[in-house]
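A.B. asks: Give me coordinates for this.
(chains A, B, C and D)
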Number of protein chains: 2
Amino acid sequence: MTVLNPSRIRIYDVATAAGVSIATASKALNDTGRMTGETRERVKRVAAEMGFRPNAMARALLSQRSFTVGLLTNDTYGRFTLPLMAGVSEALVDQGVSVFLCTVEDDPALAKVHVDAMLDKQVDGIIASGKRIDGRLPVDLSNLPIPVVYAFSSGPDDAVTLVSDDAQGSREAVRWLVGLGRRRVAHVTGPESFASVRERAEAYRAVVGGDGEVLYGDWSEAWGREAVDRLWSGPGAVSDAVFCGNDQIARGVVDALRERGLRVPDDVSVVGFDNWEIVAAATRPPLTTVDMNLKQLGREAGRLILALAGGQIVEPGIRKLPCQLVVRQSCGGIAPR
Amino acid sequence: MTVLNPSRIRIYDVATAAGVSIATASKALNDTGRMTGETRERVKRVAAEMGFRPNAMARALLSQRSFTVGLLTNDTYGRFTLPLMAGVSEALVDQGVSVFLCTVEDDPALAKVHVDAMLDKQVDGIIASGKRIDGRLPVDLSNLPIPVVYAFSSGPDDAVTLVSDDAQGSREAVRWLVGLGRRRVAHVTGPESFASVRERAEAYRAVVGGDGEVLYGDWSEAWGREAVDRLWSGPGAVSDAVFCGNDQIARGVVDALRERGLRVPDDVSVVGFDNWEIVAAATRPPLTTVDMNLKQLGREAGRLILALAGGQIVEPGIRKLPCQLVVRQSCGGIAPR
DNA sequence: GTCGAATGAGAAAAGGTTTTACCTGATTGA
DNA sequence: TCAATCAGGTAAAACCTTTTCTCATTCGAC
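C.D. replies: As a prediction, this is how the structure comes out:
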């Protein structure tokens, strides 16, 4: 029920209405300085009644803090960035911090424009993100006068970096399959050039032992289907489980298995990676898959950038956040309590 | 190659270095006022050498314009918002305008917090968006002291609103099917409670005439499969084409047809809606589908909010932007030149 | 040689808030 | 009674840029 004010009310108006000076009003509202409890309360009450909201520009000009952070990403599709953004926003909104989102594809010039714009606007920090953990943005953020946190993307070695723990997620998935009694687990994944792919494959091998089989391909359903053809057409014992590098591959695998007359999960268990709702839930049967907890990653990134902006020192280095297995129906088994 | 400055250079530093007053420096840099060409050039050169960038906060405080807009959405998944955002950003970035993105789900309290935060930060305008054209945000934006543009969402009748032209997109799709010689086109779509659904269905009926059949359901692949069962199990002539309300339904339809032994596109043509790359391209065969040109919608929204913020008057009302048929392989036929 | 106009440049105000330094009474301690 | 402390509050500076006056100089015209 705020009055619709033609021009915003300033602290001056509040001070006048409360019968004090501007300085006193400011101190009353910010719980600083010394004054009678009565005075403080009166000013606060008047301010609330008038719907006073301090001008963030003026405040920023003075404090050199804009209560604003930038989120820079080259993930135009938003698959990874949006959950991250949701987390960042959630961590910051009650501190009154807003988020500039800039998607820069892989255009260095555009990236520079956006970064400069953010610097002009005095963002308190920048969160650099992307579409793969070992990806880099097309712009150098290392000598900026403001803190930078890398979340789900790579930066310099001495940067503060947050990534999901691919190895742990991978272990979780494979152990789940093994725990269900699966003995021949194959791993169908993306291009070996991806760090995540190598890390997940390594963790997979560590669990299954020497007889693991890793098939590298691309991130598509088509590759998932093709991999099934390869696995099931060759000589030797066939697999009874497939651990996939992402949900799209997993969907391709599940479809191909069904078309071969193999039942999922009765004959073969399948696990995906990413928990991309739209794919995982639409697969028949819905996919058991590894969630990278991107929202949590975002919250953490928000927390860190705020700490850095507030002058706290944060140990540089890579922080790995755990993944979580989301159990649906493509493996059989029941979600652990 | 900017110098890494401990404290930013202010216009004062430029003025001093150039041997002029602050006022002259400002005027030189902004191409206002009168002075020798020589002076103007010298100031500009010095500013460039020093890497001077005016403090946006100070500028905003004075001009009451922050060169910042807010994009508010309840589309947490980002399916519609991200392309829109890309368009907005593209339209605004070379004007030096940055975008605050806030996703508010359906939480009125959270929405209010975000709107207030944006008002405090003096955004020059707000673009309200969502996940359906007839959806509304959980917050009232009608009496704000700044302009609001509704893009892919509904606002008051006297608002400036941008939506995609569902009827035209629908006509485009159905005519394409008819033009390919299809005679019995069915329409499988989402819940009738959606305005887009009704509008698309109406346009569909207008093209196919009295014998059109519309099946309402939800937006899922499962519903697409079920609809095929219904269409092909009943008595009477079967369809030779299906126009779907979105790409997920279309994918379900295509899968179900294949599983029935019907060939797409040889026996049945299928058209989707949304051009959701991840679904449309992964379908076998890839979907011919209607693209709502959300990026273009975003560009337009950016243009409009800027015009409004600049004081221009913009005719209120609903502006419909055309959709575009994207031809892939689920219909046969070749993309028109 | 003087007046008016045009030209180039600077001083100062404005924008809204926070913070520092200061001021006035009143109270306390000696 | 005097000095010292303290409570309660205020004026003014600072943040950085833009813009409006104002001033001084020069030039052309009479």
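
A.B. asks: phi, psi of the residue nearest to A:Ala167 when sequence neighbours are not counted?
C.D. replies: Distances taken as CB to CB, 6 or more residues apart in numbering or on different chains put A:Ala203 closest to A:Ala167, at 4.0 Å, once the chain neighbours are dropped. (Glycine included, C-beta is placed from N, CA and C.) Main-chain torsions, A:Ala203, degrees, to the nearest 10: phi -60, psi -40.

A.B. asks: and what of A:Thr73?
C.D. replies: Torsion angles, degrees, to the nearest 10, at A:Thr73: phi -150, psi 160.

A.B. asks: contacting residues around A:Pro83?
C.D. replies: Listed by CB atoms under 8 Å, 6 or more residues apart in numbering or on different chains, the contact set of A:Pro83 reads A:Leu294, A:Lys295, A:Gly298.

A.B. asks: Just give me the neighbour total for A:Ile313.
C.D. replies: 7 (other CB atoms under 10 Å in any protein chain shown).

A.B. asks: helix or strand for it, which one?
C.D. replies: Using DSSP states H and E, A:Ile313 sits within no helix or strand.

A.B. asks: That one and A:Val160: what is the separation?
C.D. replies: Applying CB to CB, to the nearest Å, the value for A:Ile313 to A:Val160 is 10 Å.

A.B. asks: contacting residues around A:Arg136?
C.D. replies: A:Gly130, A:Ser153, A:Ser154, A:Gly155.

A.B. asks: go again using 10 Å as the cut-off
C.D. replies: Shown in contact with A:Arg136 (CB atoms under 10 Å, 6 or more residues apart in numbering or on different chains): A:Asn74, A:Asp106, A:Ala128, A:Gly130, A:Tyr150, A:Ser153, A:Ser154, A:Gly155, A:Pro156.

A.B. asks: Double-check that it belongs to a helix.
C.D. replies: No: counting by DSSP: H, G, I helix; E, B strand; the rest coil, A:Arg136 is not found in a helix; it is coil.

A.B. asks: backbone phi and psi for the residue nearest to A:Asp116 when sequence neighbours are not counted, please?
C.D. replies: Excluding the flanking residues, the one nearest A:Asp116 by CB to CB, 6+ apart is B:Arg53, at 6.9 Å. B:Arg53 adopts backbone torsions of phi -130, psi 120, taken as degrees, to the nearest 10.

A.B. asks: what's the burial count for B:Arg53?
C.D. replies: Using other CB under 10 Å, B:Arg53 has 14 other residues around it.

A.B. asks: do the same with A:Ala23
C.D. replies: 11.

A.B. asks: surely it meets A:Ala15?
C.D. replies: Yes: A:Ala23 lies in contact with A:Ala15 (CB atoms under 10 Å); the separation is 8.3 Å.

A.B. asks: and the most centrally placed residue in chain A, what element?
C.D. replies: In chain A, the C-alpha nearest the mean C-alpha coordinate belongs to A:Leu84, at 2.7 Å (CA atoms, centre = their mean). Using DSSP H and E, A:Leu84 sits within helix A:81-93.

A.B. asks: now the helices: where do they sit in the stretch 51-200 of chain A?
C.D. replies: A:56-63, A:81-93, A:108-120, A:166-179, A:195-208 (DSSP state H, counting those that start in this stretch).

A.B. asks: Can I get these in JSON lines including mean pLDDT?
C.D. replies: What follows is the helices of the stretch 51-200 of chain A, written out as JSON lines (pLDDT from 0 to 100):
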{"stretch": "helix A:56-63", "mean pLDDT": "92"}
{"stretch": "helix A:81-93", "mean pLDDT": "94"}
{"stretch": "helix A:108-120", "mean pLDDT": "94"}
{"stretch": "helix A:166-179", "mean pLDDT": "97"}
{"stretch": "helix A:195-208", "mean pLDDT": "95"}
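
A.B. asks: near DNA strand D, which residues of chain A show up?
C.D. replies: Neighbours of DNA strand D within chain A, by CB under 7 Å from any atom of the strand: A:20-24, A:27, A:33-36, A:39, A:58, A:61-62, A:64.

A.B. asks: Which PyMOL command selects the buried ones in the residues you listed?
C.D. replies: Buried members of the residues of chain A next to DNA strand D, defined by 16 or more other CB atoms under 10 Å in any protein chain shown, are picked up in PyMOL with:
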select buried, chain A and resi 20+24+27+39+58+61
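
A.B. asks: which helices and strands does the lengthiest helix in chain A pack with?
C.D. replies: Looking across chain A with DSSP state H, the single longest helix is helix A:294-309. Helix A:294-309 sits against strand A:68-73, helix A:81-93, strand A:125-128, strand A:148-151, strand A:160-164, strand A:317-321, with contacts defined as 3 or more CB pairs under 10 Å, 6 or more residues apart in numbering or on different chains; DSSP states H and E.

A.B. asks: do you know which of the ones you listed lies nearest DNA strand C?
C.D. replies: The minimum distance between DNA strand C and these falls on strand A:68-73, with 15.8 Å, by CB to the nearest atom of the strand.

A.B. asks: what helices or strands is the closest one leaning on?
C.D. replies: By 3+ CB pairs under 10 Å, 6+ apart, strand A:68-73 packs against helix A:81-93, strand A:98-103, helix A:108-120, strand A:125-128, strand A:148-151, helix A:294-309, strand B:98-103.

A.B. asks: and the last one with strand B:68-73, angle?
C.D. replies: The directions of strand B:98-103 and strand B:68-73 differ by 20 degrees, with axes from the mean of the first three to the mean of the last three CA atoms, to 10 degrees as the criterion.

A.B. asks: now strand B:98-103: how far from the chain's centre is it?
C.D. replies: 14 Å (CA atoms, centre = their mean, to the nearest Å).

A.B. asks: Setting aside sequence-adjacent positions, which residue approaches A:Ala307 most closely?
C.D. replies: A:Val314 (5.7 Å).

A.B. asks: which ones are touching the closest residue to A:Glu277 other than its chain neighbours?
C.D. replies: With CB to CB, 6+ apart as the criterion, A:Glu277 has its nearest non-adjacent residue at 7.7 Å, and that residue is B:Tyr77. Contact analysis of B:Tyr77 by CB under 10 Å, 6+ apart lists A:Gly78, A:Leu82, A:Pro83, A:Ala86, A:Glu277, A:Ile278, B:Thr103, B:Lys131.

A.B. asks: In JSON lines: those residues, plus distance to DNA strand C.
C.D. replies: Converted to JSON lines, those look like this (distance: CB to the nearest atom of the strand, whole Å):
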{"residue": "A:Gly78", "distance to DNA strand C": "35"}
{"residue": "A:Leu82", "distance to DNA strand C": "33"}
{"residue": "A:Pro83", "distance to DNA strand C": "34"}
{"residue": "A:Ala86", "distance to DNA strand C": "29"}
{"residue": "A:Glu277", "distance to DNA strand C": "42"}
{"residue": "A:Ile278", "distance to DNA strand C": "44"}
{"residue": "B:Thr103", "distance to DNA strand C": "28"}
{"residue": "B:Lys131", "distance to DNA strand C": "35"}
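
A.B. asks: of the contacts of A:Pro83, closest to A:Ile249?
C.D. replies: Checking the contacts of A:Pro83 against A:Ile249 with CB to CB, the nearest one is A:Leu294 at 18.9 Å.
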